[in-house]
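*Asks:* Here is a sequence together with a model predicted from it:
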There are 2 protein chains.
Amino acid sequence: MPSLFWEDFKPGRVFEHGPRRLPRDEMIAFAAEFDAQPMHLDEAAARETMLGGLAASGWYLCCILMRMSADAFVLDSSSMGAPGVDEVKWLKPVRPDDELRLRATVLDARASKSRPDMGLVRFGFELFNAAGEKVMTLTTSLMMGRRQAAAS
Amino acid sequence: MPSLFWEDFKPGRVFEHGPRRLPRDEMIAFAAEFDAQPMHLDEAAARETMLGGLAASGWYLCCILMRMSADAFVLDSSSMGAPGVDEVKWLKPVRPDDELRLRATVLDARASKSRPDMGLVRFGFELFNAAGEKVMTLTTSLMMGRRQAAAS
């Protein structure tokens, strides 16, 4: 039984996690599999690009954000997944071996009209690098089971 | 030298790729690393969830979409990456060993005001399963180098 239900996600509540280091070899292995653009794969080629040096694929950052959210609260919640993502912004390059911190803020919560056993919780997620700079934001709504449904 | 530059992405142009199979073991390995919710990890637990059985993490589908886009046109283009993602919708569960097809449609293209060497191209991406059902959509803009900048 999870400890966090829809009722526990009040607007303004914050969950934090990290730091989590992004090892160079894992960052490059991800790029080789899913996003083999030069700025994510090769230091010399990356220096010639807008990013000015090797930087994580934005999709890798999404996956890391998911993992950090799972560890922060999702795996201890009644999460039923998400219908999608409202918006992602990649603000600054994330470098190999940087350490990221996650902040997830509840923006709003609403009951489902069609399913009384669940509600939606909209989160604003932010990732910060070791220097404290915001490197990414992501907004999405998670479907959460309601406590009364779990108890009945 | 890539063969596709900003000038080549005219609204309405379509790029397709696939089918690409999503092997069960790779789907589960991804979930174990990044999104260890029961519906993405364990067949029996997944049967008790909204998804009605084991289904890919939406983030895995984003990564597969990126890889298929890379193979379809991104790695043969002057792509400089993306500032973010406008919207993602996960429409239907994607099952182990399903085969996905990608369709990427150019929605619009505009020159950059601040950087004459690049422009933005907005794409609508769609993924379809083997039954032809649309399982995911994603909208985002890629930064693309201009042909005249590459030639000079």
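*Replies:* Yep, it's here.
*Asks:* Could I get the full set of helices for chain A?
*Replies:* Listed in chain order, the helices of chain A (DSSP state H) span A:24-34, A:38-41, A:43-47, A:58-72, A:147-151.
*Asks:* quick one, the fourth one and helix B:58-72 angle?
*Replies:* With axes from the mean of the first three to the mean of the last three CA atoms, to 10 degrees applied, the angle from helix A:58-72 to helix B:58-72 works out at 170 degrees.
*Asks:* For B:P11, see how far away the residue nearest the centre of chain A is.
*Replies:* With the centre of chain A defined as its mean C-alpha position, the nearest residue by CA atoms, centre = their mean is A:L65, 2.7 Å away. A:L65 is 32 Å from B:P11, where distance means CB to CB, to the nearest Å. (C-beta placed from N, C-alpha, C; glycine too.)
*Asks:* Just confirm A:F9 contacts A:V121, I think it does.
*Replies:* Yes. Counting by CB atoms under 8 Å, A:F9 touches A:V121, with 4.2 Å between them.
*Asks:* Mind listing the shared neighbours of these two?
*Replies:* Shared contacts of A:F9 and A:V121, defined by CB atoms under 8 Å, 6 or more residues apart in numbering or on different chains, are found at A:V106, A:A109, A:M144.
*Asks:* Tell me the one among the residues you listed nearest to A:G53.
*Replies:* A:V106 (35.5 Å; CB to CB).
*Asks:* How about the residues of chain A by chain B?
*Replies:* Selection of chain A residues close to chain B by CB under 8 Å from any CB of the partner chain yields A:33-37, A:39, A:49-51, A:57-59, A:62-64, A:66-67, A:70, A:74-75, A:79-90, A:143.
*Asks:* Which of those are buried, as a ChimeraX select command?
*Replies:* Selection of buried members from the residues of chain A next to chain B for ChimeraX, criterion 16 or more other CB atoms under 10 Å in any protein chain shown:
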select /A:33,34,35,36,37,39,49,51,57,58,59,62,63,64,66,67,70,74,79,80,81,82,85,86,88,90,143
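*Asks:* nearest residue to A:R13 other than its sequence neighbours?
*Replies:* Distances taken as CB to CB, 6 or more residues apart in numbering or on different chains place A:V106 nearest to A:R13, at 4.5 Å, with adjacent residues excluded.
*Asks:* does that neighbour have beta-bridge partners, and which?
*Replies:* Taking DSSP bridges, one obtains A:F123 as the residues bridged to A:V106.
*Asks:* Using PDB, write down the CA coordinates of the lowest-mean-pLDDT helix or strand in chain A.
*Replies:* Ranking every helix and strand in chain A by mean pLDDT, DSSP states H and E puts helix A:147-151 at the bottom, with a mean of 82. Provided in PDB are the C-alpha atoms of helix A:147-151 (Å, rounded to 0.1, in the frame of the first residue of the first chain):
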ATOM      1  CA  ARG A 147      -7.400   7.200  -0.500                       C
ATOM      2  CA  GLN A 148     -11.100   6.400  -0.100                       C
ATOM      3  CA  ALA A 149     -11.000   4.100  -3.200                       C
ATOM      4  CA  ALA A 150      -8.000   2.300  -1.800                       C
ATOM      5  CA  ALA A 151      -9.700   1.800   1.600                       C
END
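*Asks:* So which residues make contact with it?
*Replies:* Helix A:147-151 is contacted by residues A:M1, A:F5, A:W6, A:E7, A:D8, A:S78, A:P116, A:D117, A:M118 when judged by CB under 8 Å, 6+ apart.
*Asks:* go on, stretch A:48-57?
*Replies:* Under CB under 8 Å, 6+ apart, the answer for stretch A:48-57 is A:22, A:24, A:27-28, A:30-31, A:34-35, A:37-43, A:46-47, A:93-96, B:66, B:80-81, B:143.
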